[in-house]
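*Asks:* Predicted model and sequence follow; I will ask about them next.
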Number of protein chains: 4
Amino acid sequence: MDFAFDDRTQDLIAQMRAFMDEVVHPAEALAHEQIEANYANDSWDIPAVIEDLKVEAKKRGLWNMFLPGEGGAGLSNLQYAPLAEIQGRSIQLAPPATNCAAPDTGNMEVLNEFGTDEQKKQWLEPLLAGEIRSAFAMTEPDVASSDATNIETSIVRDGDEYVINGRKWWITGAMNPNAKVFIVMGKTDPTAARHRQQSQILVPRDTPGLEIVRGMHVFGYHDRDHGGHAELRFTDVRVPVTNLIAGEGDGFAIAQARLGPGRIHHCMRSIGIAERAIELMCQRAQDRTAFGKPLADQGVVRDWIAESRVRIEQLRLLVLKTAWLMDTVGNKGAHTEIQAIKIATPQTVQWILDKAIQVHGGGGLSQDFPLAEMYAGIRTLRFADGPDEVHKNSLAKAELKRQGLR
Amino acid sequence: MDFAFDDRTQDLIAQMRAFMDEVVHPAEALAHEQIEANYANDSWDIPAVIEDLKVEAKKRGLWNMFLPGEGGAGLSNLQYAPLAEIQGRSIQLAPPATNCAAPDTGNMEVLNEFGTDEQKKQWLEPLLAGEIRSAFAMTEPDVASSDATNIETSIVRDGDEYVINGRKWWITGAMNPNAKVFIVMGKTDPTAARHRQQSQILVPRDTPGLEIVRGMHVFGYHDRDHGGHAELRFTDVRVPVTNLIAGEGDGFAIAQARLGPGRIHHCMRSIGIAERAIELMCQRAQDRTAFGKPLADQGVVRDWIAESRVRIEQLRLLVLKTAWLMDTVGNKGAHTEIQAIKIATPQTVQWILDKAIQVHGGGGLSQDFPLAEMYAGIRTLRFADGPDEVHKNSLAKAELKRQGLR
Amino acid sequence: MDFAFDDRTQDLIAQMRAFMDEVVHPAEALAHEQIEANYANDSWDIPAVIEDLKVEAKKRGLWNMFLPGEGGAGLSNLQYAPLAEIQGRSIQLAPPATNCAAPDTGNMEVLNEFGTDEQKKQWLEPLLAGEIRSAFAMTEPDVASSDATNIETSIVRDGDEYVINGRKWWITGAMNPNAKVFIVMGKTDPTAARHRQQSQILVPRDTPGLEIVRGMHVFGYHDRDHGGHAELRFTDVRVPVTNLIAGEGDGFAIAQARLGPGRIHHCMRSIGIAERAIELMCQRAQDRTAFGKPLADQGVVRDWIAESRVRIEQLRLLVLKTAWLMDTVGNKGAHTEIQAIKIATPQTVQWILDKAIQVHGGGGLSQDFPLAEMYAGIRTLRFADGPDEVHKNSLAKAELKRQGLR
Amino acid sequence: MDFAFDDRTQDLIAQMRAFMDEVVHPAEALAHEQIEANYANDSWDIPAVIEDLKVEAKKRGLWNMFLPGEGGAGLSNLQYAPLAEIQGRSIQLAPPATNCAAPDTGNMEVLNEFGTDEQKKQWLEPLLAGEIRSAFAMTEPDVASSDATNIETSIVRDGDEYVINGRKWWITGAMNPNAKVFIVMGKTDPTAARHRQQSQILVPRDTPGLEIVRGMHVFGYHDRDHGGHAELRFTDVRVPVTNLIAGEGDGFAIAQARLGPGRIHHCMRSIGIAERAIELMCQRAQDRTAFGKPLADQGVVRDWIAESRVRIEQLRLLVLKTAWLMDTVGNKGAHTEIQAIKIATPQTVQWILDKAIQVHGGGGLSQDFPLAEMYAGIRTLRFADGPDEVHKNSLAKAELKRQGLR
């Protein structure tokens, strides 16, 4: 057992930190302005400054680090984890700047693993190059989509085409006009076995019948920094059969495959968010005086700072161990731990953000600090990929099994 | 001891409920549209439909119920409390519709109690008539304003005028162009005794030197339904000496006087918000099915519903008892209870809203349900009028005193 | 609505307080010694000093206040509630001193309402006179007894006798040799409708076949102050048919009837326990200095004191309102509120005790302060009469019904 | 970074598990009986069965594993940690069986590091051999002893002797007649610098003037399995000057040195306690049925099981990382992490025990399951070595320093 990162990781950590300090953090104010302007102009473009950051990241070799194997930077999950954490410290800029932003990362992984050569050429290459963005259309408004058998979108073969009908919402990134392709989950055979009913298919943004209805808000945010969360309507949308990813009935398995890496990236970035919140909390507590002494000298604030540190240290280690398990025994072997971090991360980070906000007073909820927007983002993780309650239920069942009781 | 409302109150409750069912709730969808349009057009006007509601409320005699004595409806705090709760069920519409919205209520109370005849004629009358709105400018960006001695805005006499300089923020309602007058808290004598340094003064919106800098956001909301929360800058703002409310040095006492009623109104409305959240939670839990049964039949959701009911019943009674104390022994005698409800209400209602949101999944955070916006509003109460921690500290000191230890 | 107690209640409160200050609290040290001696001598006698207290209580007319109507003091639930709270401040002495201790109170209520003249003469009279004690034998070791249909003890008629077989545990008070009679719940007809299977029957302590197996511990306590909690074995125990309370199949209904008053008494006494804990916490926090100032001046301790006060004020009001509902609309009409206080009370009081203990350091867990023993007692309430989770489930169902969803 | 234990550790884990399964767990019932008998006979002897276990442990080489270097088994903290966790699963038997029980472990460490040859020969050797036990007398009844400068016990040199006067309490193990020597903390020079006032000195049990006043209870437990927690009075107790450990004024430093290992052992054993509690909770939940299905199929119980697993996994990793830091950068370098686990462990394990108890109903608090006694033990850790609040305060200060704010 060894808690030190290997040399390559330590080297990358240093490079990533330098990139943050020299390039990303200095760009935050401008990005903030550009995002505000997008709100005012009802534009869904990604803030322009991100393109500059991408150029710089590529130049520094900090690109596609999320992707293992030859296609990407060749890092293990454990090596990538601390880099994702550092990205989380500037959550709106660093992930897209390094081409490590969800949901593109998951889509690239899927295409890399399951895509045909043609699909890779058409979609994976420009995604890896950071030229286009993408979205993943799974969640539906009318059903509890944590239960995949509830999915109602239909994908029906008609000659050389598939015809897609249905509604989706919370499709992250899809409001961005540069999100050129959507991976859509639907049912090709509602009569098949429970987990063989679903398929995934590529739908280019400009396909007739695909309507971008509106952007969903999160608290009052539109998330215009990353293409928001769209409601989509598919009405007789036709795509060639070659757009199917893997085979009919493989949709559920593909969805499962993307979950592990997706969750661990979210968790690592969330820890970066929490670390930034702790810094802001400490800074503010030190600067602000009430009743004769800095907030940082008042017992309750001290308690919050300490609890935050104690909780985040525990959480980070579990996320790192999960990454290590994924690397050593595979995503399936790490299933319980992946669920555990999916449960633990949002509740821990939300708690820390709530306290950081409280130390800031009114400012903490406002546009002057990133805390409220971070809170909104973290809050969504408590039901992204299914609500925590579903995962707890399943994790408890696994525990009962582990104890030989099931 | 008797837990039943008196006949007049029960009658008013029935009338208020009828008004809500017949007039207010049916107007919510339109108001929502008008508010969205205001965002799109960068307008800070109050949604137009509220004017219609006001006409109807006046006609029904449901007007100025917050104001005791001859000036208003003559209700006691205990009689008004359940009406305020009902208003809270449609928090954006019902309070302004009945001319019972903060911060005007507090401003009217102050003018009613401390205003000169001239001040009453000029400002109180149109406020009572619902013709204009107002704001109360106390919080400052650079200091912890829970400690009133920190206030930095200066009010300096110069002949027949006072000259005001300083910065304020979180001035609720001030973005609304119809907020025609601001009551401003500043220091007339920074060398006086701790609580005799402050004064309050009337500043008409169009006074030269008063700059409305921007609207503060709460999470991503601008709160365009009620004039938002403005940042203000006062640069050599001059008003006649007759604009002073009461005398120099009375500012702190006047601020204290408005706190009691202000807080209890907030608390009662918050309970109405919680009741609406519980209803939405139950409705959704009943309607949404996952893993073979309605959410409402799943243990964890049941636990949330039950806890919500148990907590809100306790909270309501404490708020009602506080109202009764204010009526029978005065605001000063009810000081500890007023602090207690100020502490208890936001934490309880925030908890309930969090669970109601969770039952709704992604929708709960979106514009499709009022829950996320309610959450944002309630979250601000944890530092409005000073953060909970300040009040807890003070309440604990009172407890030590009560036990004869101080 | 009126939050003041009526004159008679205020008068009784004053008398009860005087009795506590003059008689009960001064006896606590001696009682503590006698209880310790009972541990050392393996005796289950009630501390002798209680007999002296009973004489004095009777003399002062503070006797059987729990019992409404002619049989007792004729107080309403609302009138008795504050007296029970005061009793809770010396939980080991005051209830038995005033003949208001569980489970005798419930047994007396049952006999008063359902007993035959003969049963009243033989058992109710000496109980009302404080000459004997009693127990109520319902909980069983082998089943989840929150579900009454699980009960396995059998009561089979054989000529003029009933024959009882089964096991019971947690039979409070039964180790006390002066607990002369047990009311036993069992099944007379396991084939009857769900809630008509059960009957209740009187079993004198010395009946052959009734074995007092052992005392159950609560944490490390034996609860020798009140007869502990016995495990009982019934092997062909025979009693005359005249010992049946009401008719065959009435057992469930009788059990329900005793629950309302039983729970509210427990809750009121628990509030008294909490008040005493708050006092001890304040006292200790004031007296103990660390790092240069009293604990009472440290932020976290202030927070605990304030939260304790805020929580207990809310809880007390809900308990009082429940008492008022029982008085005005009956136990059935107050069903939801009775459940609510059953849920809310232990969690609130346990929280307060935990903090009071923490302020005391090691002493708080020891025999030098009553806090740890109070904690143990309160902890049992989270499953007495069925675990909180069962009650929450049921309360949530009631809420769904109230909203018209069931 | 690597989360797998090294081969030697894995081998020892297997041996320790075998010892538990084959020897320790089978002895639990008998030990329980012997402890009960000790209560009945007012004996403070350690349960006799432990001597048999010690013989077997020694034979298997599972002896003194806590002690690094030549004196002990030569394990690192990281290697010992999982063994301590396994010991925690039978908390009353396994630590003394393997001669790894507090406070002897700390005393042996101190003697090993700071003792003279003579002191080692007289006390360390029989301790290492498991022939005698010992105690560490630091906490005092009259002061908040988390602040070491508060200590009032005096150690005054008089010729070739030191004279000790003072009172101590919560001296764990000291009621055991076989605890032959106490290490006593007192002040040799109250006028010296803050952390140079204290010294530590060896006092044999039978020294005149040393009075064993009584055993302190924890909840109702006497902890007769391990010699309880004594109150001691030192009245002109005289020992030769050669009994001083290290020099005058070194007491604080020695106390600090023992804290690191002491805490991490406590934490690891506590995790073992939690694991056993989770097993008992699962087992009970599976076995017990209410309202038609096993508790293990009810949502709220599932939630508890899942939360328990998620929390304990995080906690364990932080404890292991702390052990690794102690091994690699020393106890001082691991100071913040040692504080963090001291804060996190009791609150996490207490939460799990509370839920495990709740699943057991009344039985969970009784002598029939080990849960309530575990709870009592864990509860003490929230103030052992100073209350959590002191450690949080200090950890927060360290965080502020780390951020460059102090």
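*Replies:* Looks like it arrived, so ask away.
*Asks:* Spell out which residues belonging to the stretch 151-300 of chain A are near chain D, please.
*Replies:* With CB under 8 Å from any CB of the partner chain as the criterion, the stretch 151-300 of chain A comes near chain D at residues A:I278, A:E279, A:C282, A:Q283, A:A285, A:Q286, A:A296, A:G299. Placement of C-beta: from N, CA and C, glycine included.
*Asks:* Between which two of those is the distance greatest?
*Replies:* A:E279 and A:G299 (20.7 Å; CB to CB).
*Asks:* So, low pLDDT: which residues of chain A?
*Replies:* A:146 (pLDDT under 70).
*Asks:* Pick out the residue of it closest to chain C.
*Replies:* Closest to chain C within chain A is A:G299: 2.6 Å, counting by CB to the nearest CB.
*Asks:* Pull the contacting residues for that residue.
*Replies:* C:Q298, C:G299, C:V300, C:V301, C:R302, C:D303, D:E389, D:N393 (CB atoms under 8 Å, 6 or more residues apart in numbering or on different chains).
*Asks:* Angles on the backbone of it, please.
*Replies:* phi -60, psi -40 (degrees, to the nearest 10).
*Asks:* what's the distance between it and C:R311?
*Replies:* 20 Å (CB to CB, to the nearest Å).
*Asks:* One more: A:A344?
*Replies:* 28 Å.
*Asks:* Kindly report the same for A:R238.
*Replies:* On the measure of CB to CB, A:R238 and C:R311 end up 62 Å apart.
*Asks:* Which one's more surrounded, those two?
*Replies:* C:R311 (22 against 16; other CB atoms under 10 Å in any protein chain shown).
*Asks:* Sticking with the more buried one, tell me its helix or strand.
*Replies:* helix C:299-333 (DSSP states H and E).
*Asks:* what's the angle between that helix and helix A:299-333?
*Replies:* 70 degrees (axes from the mean of the first three to the mean of the last three CA atoms, to 10 degrees).
*Asks:* what's the neighbour count on the residue nearest to A:I254 when sequence neighbours are not counted?
*Replies:* Excluding the flanking residues, the one nearest A:I254 by CB to CB, 6 or more residues apart in numbering or on different chains is A:Q200, at 5.2 Å. If you count neighbours by other CB under 10 Å, A:Q200 ends up with 26.
*Asks:* What residues does the stretch 1-150 of chain A have near chain B?
*Replies:* A:A40, A:D42, A:T139, A:P141, A:A144, A:S146, A:D147, A:N150.
*Asks:* if we can go back for a sec, got the contacts of A:G299 as JSON lines, with distance to C:D11 columns?
*Replies:* Below are the contacts of A:G299 laid out as JSON lines (distance: CB to CB, whole Å):
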{"residue": "C:Q298", "distance to C:D11": "41"}
{"residue": "C:G299", "distance to C:D11": "42"}
{"residue": "C:V300", "distance to C:D11": "41"}
{"residue": "C:V301", "distance to C:D11": "37"}
{"residue": "C:R302", "distance to C:D11": "36"}
{"residue": "C:D303", "distance to C:D11": "37"}
{"residue": "D:E389", "distance to C:D11": "44"}
{"residue": "D:N393", "distance to C:D11": "49"}
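*Asks:* Closest one of those to chain B?
*Replies:* C:R302 (3.9 Å).
*Asks:* And that closest one, how close does it get to B:P370?
*Replies:* 36 Å.
*Asks:* got a list of what A:T235 touches?
*Replies:* So A:T235 contacts A:N165, A:G209, A:E211 (CB under 8 Å, 6+ apart).
*Asks:* Across the sheet, point out what pairs with the last one.
*Replies:* Residues in a beta bridge with A:E211, per DSSP bridges, are A:R233.
*Asks:* Is it in contact with A:A230, as I believe?
*Replies:* No - using CB atoms under 8 Å, A:E211 is not in contact with A:A230, being 9.8 Å away.
*Asks:* any idea how far stretch A:322-342 is from the chain center?
*Replies:* When C-alpha coordinates are averaged (CA atoms, centre = their mean, to the nearest Å), stretch A:322-342 and its chain have centres 17 Å apart.
*Asks:* close to chain B, is that stretch?
*Replies:* No - using CB under 8 Å from any CB, we find that stretch A:322-342 stays clear of chain B, coming within 14.7 Å at best.
*Asks:* And chain D, is that stretch touching that?
*Replies:* Yes - applying CB under 8 Å from any CB, one finds stretch A:322-342 in contact with chain D at A:W324, A:L325, A:T336, A:E337, A:A340.
*Asks:* Regarding chain A, what is its longest helix?
*Replies:* helix A:251-287 (DSSP state H).
*Asks:* list the buried ones in that one?
*Replies:* A:251-252, A:254-255, A:257-286 (16 or more other CB atoms under 10 Å in any protein chain shown).
*Asks:* list the contacts for the closest residue to A:P346 other than its chain neighbours?
*Replies:* Once flanking residues are discounted, A:P346 sits nearest to A:L381: 4.0 Å by CB to CB, 6+ apart. With contact set as CB under 8 Å, 6+ apart, A:L381 has these partners: A:H266, A:S270, A:K342, A:T345, A:P346.
*Asks:* biggest separation within those, which pair?
*Replies:* The most distant members of those, if one measures by CB to CB, are A:S270 and A:K342, lying 10.4 Å apart.
*Asks:* Quick one: name whatever helix or strand follows the host helix or strand of A:Q119.
*Replies:* Using DSSP H and E, A:Q119 sits in helix A:117-119. Later in the chain than helix A:117-119, the nearest helix or strand by DSSP H and E is helix A:125-128.
*Asks:* Enumerate the residues of the stretch 151-300 of chain A near chain C.
*Replies:* A:Q298, A:G299, A:V300.
*Asks:* And the helices in the stretch 51-200 of chain A?
*Replies:* Per DSSP state H, counting those that start in this stretch, the stretch 51-200 of chain A carries helices over the ranges A:77-88, A:94-97, A:104-114, A:117-119, A:125-128.
*Asks:* Who are the contact partners of the nearest residue to A:M281 once chain neighbours are set aside?
*Replies:* Leaving aside its chain neighbours, A:M281 sits nearest to A:A356 (4.0 Å; criterion: CB to CB, 6+ apart). Residues in contact with A:A356, defined by CB under 8 Å, 6+ apart, are A:A277, A:I278, A:L280, A:M281, A:R284, A:S308, A:G364, A:L371.
*Asks:* which SSE is A:A356 in?
*Replies:* helix A:335-360.
*Asks:* ok and that helix relative to helix B:335-360, angle-wise?
*Replies:* Using the same axes, to 10 degrees: helix A:335-360 against helix B:335-360 is 150 degrees.
*Asks:* Fine, thanks again, bye for now.
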